[in-house]
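Colleague: Need coordinates for the below:
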Amino acid sequence: MCHLSIEKALKAIYVFKLKKEPPKIHDLKTLAKIMNLEIPEEMEPFVGKLTAISIPARYPKDLKQTLKGYDRARTRTILMDSKKVLKWMKKQLTQK
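Modeller: I've put the predicted structure just below:
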C-alpha cells in the first residue's frame, strides 16, 4: 500500500501542477519524470525499489513465500521511507 499512496500523491501533484488528468501508469520514477519533478537523490533509490516490489507484493504467486521477505524490520523501513517521500511530496503541492 506504500506504493499506492505514493503513486496517488504523485498523481495529485501532476493534476495540481499540470491541470490535466495523469497518465495511467504505475512506475513512480517515470511519472515524476513526465512532470519534470526531480525526486531528491537520497529518495530516488527507494522510489525505484518500491515500484519494483509493488506488483509482486500486491499480487503474490505464493503469499507465504512473499511474506517471508517482509519481516517486521523490512516492513518498518519501507513504511518510514514512504512517509519521508510523502512528506516531501506534500511540500510540492505548495509550490507552483
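Colleague: Pull out the buried positions in stretch 77-90.
Modeller: 78, 81-82, 85, 89 (16 or more other C-beta atoms under 10 Å). The C-beta positions use only the backbone N, C-alpha and C, and glycine is treated the same way.
Colleague: Closest one of these to Leu31?
Modeller: Within the buried residues of stretch 77-90, the smallest distance to Leu31 is 11.3 Å, found for Met89 (C-beta to C-beta).
Colleague: Can you list the low-confidence ranges for the protein?
Modeller: The model of the chain has pLDDT under 70 over residues 60, 96.
Colleague: for the longest helix along it, the distance to its chain's centre please.
Modeller: In the chain, with assignment by DSSP state H, the single longest helix is helix 72-92. Relative to the centre of its chain, helix 72-92 is centred 9 Å away, using C-alpha atoms, centre = their mean, to the nearest Å.
Colleague: for stretch 70-89, same thing?
Modeller: 10 Å.
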